[in-house]
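Q: Take a look and give me a structure for this.
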Amino acid sequence: MSATVSIPGRFNGPRDSGNGGYCSGVVASFVEGPAEVSLRSPAPLDTPLEVVTDGDGVVRALDGETLVAAGKRGEVVDLDVPAPVGLDEARTAMARYRGLHDGPFCRCFVCGLAREDALAVFAGEVEGRDLVATTWTPPEWSTDDAGAVRPEIVWSVLDCPTYFAAHIGEELSLSFLVRFAVRIDTPVPVGREHVVIAWPIESEGRKRRAGSAILSAEGETLAAADALLVEAKS
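A: Residues are numbered from 1 along each chain as shown. Down below sits the predicted model:
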């Protein structure tokens, strides 16, 4: 089976390619059940990508002969989500956000400071805890026909904070999402203020693993993710 998709230009992460979480969510939509997506090369924007589902159930997104991403049925994300962060605490943490007004991710549609229409997911360190947090109110345009946040937007929001969680207590280094798995426990309502958290899990060499979650204002876990990032070679 094959289909064609395109990553709209507004959903960039780096300036000239798709946000990793968004692209992963698009590929995951072609996988039955819980999905794990591996990103293999930058996703071009506003470019038709061929999506091919093989007999082994692997979904591949291709830009010509270049493999952009591959998705497969995975295990349901099973993480110990840390104790909730309250709205006030998350707002305070946002003041510690380490994103830049210039640089490769400054115009990311999720966390870019140089972009007025970004989703404003500005996760900063929570004092006294080994995690980052931000508030987030989903805009009306992110809704699906049922009135909840579209899955690919949920994947996007769960992506960006993992970068900052993976570098808690140290200098930020250029890193990219290479593998992502998400579970959505309950539809994320639009127009309500939520808390997004992320925390480091482990690191080895250039590899860094982190978890993230979207919480309701009352502390209920709405969605969670397991991310693997790899630092760029120096």
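Q: Just after the helix ranked longest in the chain, pick out the following helix or strand.
A: For the chain, the helix with the greatest residue count under DSSP state H is helix 151-165. Sequence-wise, the next helix or strand downstream of helix 151-165 (DSSP states H and E) is strand 175-184.
Q: and the angle for the next helix or strand after that next one with helix 151-165?
A: The helix or strand immediately downstream of strand 175-184 is strand 194-204, counting by DSSP H and E. If you take axes from the mean of the first three to the mean of the last three Cα atoms, to 10 degrees, strand 194-204 sits at 60 degrees to helix 151-165.
Q: Go through strand 194-204 and flag the buried ones.
A: Buried residues in strand 194-204, counted by 16 or more other Cβ atoms under 10 Å: 194-201. All C-beta atoms are positioned from the backbone trio N, CA, C, and that covers glycine.
Q: Equivalent analysis for stretch 207-216, please.
A: Across stretch 207-216, burial judged by 16+ other Cβ under 10 Å covers 208-216.
Q: Then stretch 90-97?
A: Applying 16+ other Cβ under 10 Å to stretch 90-97 flags 90-91, 93-94, 97 as buried.
Q: Surely V195 touches L215?
A: Yes - using Cβ atoms under 8 Å, V195 is in contact with L215, at 4.5 Å.
Q: quick one: common contacting residues for those two?
A: 84-85 (Cβ atoms under 8 Å, 6 or more residues apart in numbering).
Q: Surely D117 is in a strand?
A: No - counting by DSSP: H, G, I helix; E, B strand; the rest coil, D117 is not found in a strand; it is coil.
Q: For S234, give me the pLDDT.
A: On the pLDDT scale, S234 is placed at 72.
Q: who's L49 bridged to?
A: In this entry, L49 is beta-bridged to V5, by DSSP bridges.
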